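Chemist: Kindly generate the corresponding structure for this input.
(2 chains)
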Amino acid sequence: MVKKYLMLAKSSIHLDIAYPAWYWSHLIVTFSKLVLMVSFWSAVFDGKQLINGWDLSSLITYTVLSMLLNEYVNGASWELSNLIRTGQISVELLRPYDLHFRLMAQDVGATISNMMRTAVPLVLFMAFVYHLQFPVTILAGILFLWTVMVAIVLGNLIDLIIGTMAFWLENMWGLRVFKAALFLFFNGALIPLNMFPDWLQYLCMWTPFPSLVYTPVGIFTGRIVGEPMWIACFIQLLWVVVIFIVLRLVWRVALRKVTVFGG
Amino acid sequence: MLRYIKLYWHFFKLRVQIMMEYRLDFIIGILSVLFIQGAGLFFVNIVFKQIQTIRGWSFDEVVFIYAVACCGRAIHHIFFDSLWVFGRDYIRNGGFDRMLVRPAPAFFQLIAERVQQDGVGQLLIGIWLLSYAAPTIGVEWTFVSMTVLIILILSSSMVFIGIHVFTCSLSFWMTDSMPVQWSVHEMSDFARYPLVIYNRVIQSLMTWIIPYGFTAFYPAAYFLRPETYLKMGWITPIIGFGCCLIGAYVWRKGVRNFTGTGS
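Modeler: Residues are numbered from 1 along each chain as shown, chains lettered A, B, ... in the order given. Okay, the predicted model is just below:
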C-alpha cells in the first residue's frame, strides 16, 4: 500500500536531478536572496545590539533557515492544475491510487532531493561565512527536524487546494503569486512574526501559515520555548488534519463539475 | 510605423476581450501583484518602526525608490510578458517558424501577442506610492521634474526590457532559457533598496554587469541626493538605450542563427 507511493517519490527524485538548468538557476536565485536579506539586516543593525529582542547573529540564522524552508513548503498545485486544464484528470481518477497521495508522494520526493542538493550546501556555506548559530538545545534541534517534516506535508496539502481551483480559474499564475506572497509574509519567512504589531500577530495565530515556517525556525532559534513550544507542535498537527478535511471537501465539490462536463 | 500601431491596437483589443471573458482571473491577477508589493512595503514599514534610517536613508526615501521600481517593472510586465514563455511556447514546438514567414517582424508579433493585465496593479501601486512619497521627501511637482521622472521611469523599464530580451534570446541556442531569464530577473530585487547597504561586489555587479541599479535606485537617488547621484541619474537613459541595443543585437543574431527544433 505505502510501497507504491514510495516508488513514486523515488521516481520524482530522478526527475528532479534530470533538469540541471533549473537546479542551477534555483541555487543562484536562492543564494542571492539570502545574501540580499543578510545584507539588509546587517545594514539595519549597523552597530545596534538588539532589535525587538533579536541580536544580529540569531536574526541571520532565522532569516537563512526560514527563507530556505519557505522554498519547500509548497507542493504539486502546478501539476494538479495542469491535469485539470488538459482534461487528463479523468484518466488520472481511474488509476489505482489516490491522486492526492500520489501528487504528495512525488512532491515530497522532489523536495527531499532538492533539499539535499540546494538547502544543505547553502546552509553549510552560510554557516561558514556568516557563523550561523546552532539550535538552542538538542531537543530544539530534534523538534526542528520533526516540525519541518510536518510543515512540508501541511504546505503540500494547502498547495493541492490551490491547484484544485483550476476547476474554476484560468489565471493560475495570479493565484500562485498571491499564495506565495501570503506565505512569505504570514509564515514568518520575510520577517519574524514576533516583530509584527500585536493585532497582526493575533490575526496570524488563526491561520495555518505560522505553522509552516515560524514554528520550526522559532523553535530552532529559541524564540518558542517551554510550554508554547509543545502547543505550537500540537497546533501544527491540528492544521494538517483541518486542511486535509478541507481539501477533501473542496475536491468532492470540484469532482461534481467533472461529471457535469462529462469528463 | 502606423501600420504596426494599428496592428498592435488590433491585438490589444483582442486581449482585452479575452480578459473580460475571465473576469475573476483579471481581479485575482491584479490583486496578487498588489498584495505582493504591499507585503514588501509592509515589511519595510515594520523594520523602520525599529530604526530611523538605514545607512542614512529614511523610510520615505526607500518608499520612493520602491515606487520607481514598481513603475518601471510594471511597464515591462504589461507589454513584454510573452518573452517569458518564448522558449517554451514558440521555439520548442516550432511556433517561431510560423512567425518567420508572416509579413511582420517576429519580435513585433511576439510582443503583440500578449498584454499582461496583472502588471496594471503594479503600475497603480507605483503611481500611488510616488504621489505619497514625493511630497514627504521634498520633491516638487513641476513640469520639469515630472518630465524627468517620466523619462527616468521609461529608462528603468528599458533596462528591464533590454536585459530580458537578452536572456530570452538565449532560447535560440538553448531552446528554453526560462531558468536563465528567471535567475537574472530575480536579481532586480536588489535594486529596490539603497544600493549602499550592499558590499562593493554587489554594488558594482548591479551597476555595470547586470545594471538593475538603474531600474530604481539611481533614478530615485537622482531626486533624493542630487549632490552625489546627479551623474548616475543622467546616464540612466543611456544605460536603458544601451541595454535595449544589446538585447536587440543578440535577438537578431539569434534569429539569423535559428534553425528550428524540427518539431
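Chemist: Would you map the helices across the chain?
Modeler: Since no chain was named, I'll use chain A. Applying DSSP state H to chain A gives helices spanning A:2-17, A:20-45, A:56-72, A:77-86, A:89-92, A:99-114, A:120-130, A:138-164, A:172-186, A:198-205, A:209-212, A:214-220, A:227-260.
Chemist: nope, chain B please
Modeler: Secondary structure of chain B by DSSP H: the helices cover B:2-21, B:23-50, B:59-79, B:95-101, B:106-112, B:118-136, B:143-169, B:171-174, B:178-186, B:200-204, B:217-224, B:226-257.
Chemist: deepest of the ones you listed, which one?
Modeler: The highest mean neighbour count among the helices of chain B, using mean count of other CB atoms under 10 Å in any protein chain shown, belongs to helix B:217-224: a mean of 26. C-beta coordinates here come from the backbone N, C-alpha and C atoms, glycine included.
Chemist: re earlier: would a markdown table of the helices of chain A with mean neighbour count, distance to B:Gly213 and mean pLDDT be doable?
Modeler: Formatted as a markdown table, those follow (neighbours: other CB atoms under 10 Å in any protein chain shown; distance: least, CB to CB, whole Å; pLDDT from 0 to 100):
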| stretch | mean neighbour count | distance to B:Gly213 | mean pLDDT |
| --- | --- | --- | --- |
| helix A:2-17 | 14 | 34 | 77 |
| helix A:20-45 | 18 | 13 | 89 |
| helix A:56-72 | 22 | 23 | 92 |
| helix A:77-86 | 19 | 33 | 85 |
| helix A:89-92 | 15 | 46 | 83 |
| helix A:99-114 | 21 | 31 | 88 |
| helix A:120-130 | 14 | 24 | 91 |
| helix A:138-164 | 20 | 34 | 93 |
| helix A:172-186 | 20 | 24 | 82 |
| helix A:198-205 | 12 | 33 | 89 |
| helix A:209-212 | 26 | 33 | 93 |
| helix A:214-220 | 28 | 31 | 94 |
| helix A:227-260 | 14 | 41 | 91 |
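Chemist: close to chain B, is stretch A:8-22?
Modeler: Yes - Stretch A:8-22 reaches chain B (CB under 8 Å from any CB of the partner chain) through A:Ala21, A:Trp22.
Chemist: rewinding a little: can the helices of chain B go into JSON lines with extra columns for distance to chain A?
Modeler: As requested, the helices of chain B are exported to JSON lines (distance: least, CB to the nearest CB, whole Å):
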{"stretch": "helix B:2-21", "distance to chain A": "9"}
{"stretch": "helix B:23-50", "distance to chain A": "3"}
{"stretch": "helix B:59-79", "distance to chain A": "11"}
{"stretch": "helix B:95-101", "distance to chain A": "18"}
{"stretch": "helix B:106-112", "distance to chain A": "18"}
{"stretch": "helix B:118-136", "distance to chain A": "6"}
{"stretch": "helix B:143-169", "distance to chain A": "11"}
{"stretch": "helix B:171-174", "distance to chain A": "8"}
{"stretch": "helix B:178-186", "distance to chain A": "4"}
{"stretch": "helix B:200-204", "distance to chain A": "7"}
{"stretch": "helix B:217-224", "distance to chain A": "13"}
{"stretch": "helix B:226-257", "distance to chain A": "17"}
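Chemist: Centre-most residue in the chain?
Modeler: Since no chain was named, I'll use chain A. Residue closest to the average C-alpha location in chain A (CA atoms, centre = their mean): A:Val73, at 1.1 Å.
Chemist: Chain B was what I was after
Modeler: B:Arg73 (3.1 Å).
Chemist: That one and B:Gly119: what is the separation?
Modeler: From B:Arg73 across to B:Gly119, the span is 8 Å (CB to CB, to the nearest Å).
Chemist: Now do stretch B:83-97, average pLDDT.
Modeler: Here stretch B:83-97 scores 87 as its mean pLDDT.
Chemist: How about that stretch, which residues are buried there?
Modeler: Across stretch B:83-97, burial judged by 16 or more other CB atoms under 10 Å in any protein chain shown covers B:Leu83, B:Trp84, B:Val85, B:Phe86, B:Gly87, B:Asp89, B:Tyr90, B:Ile91, B:Arg92, B:Phe96, B:Asp97.
Chemist: of those, closest to B:Met178?
Modeler: Nearest to B:Met178 among those, counting by CB to CB, is B:Gly87 at 5.7 Å.
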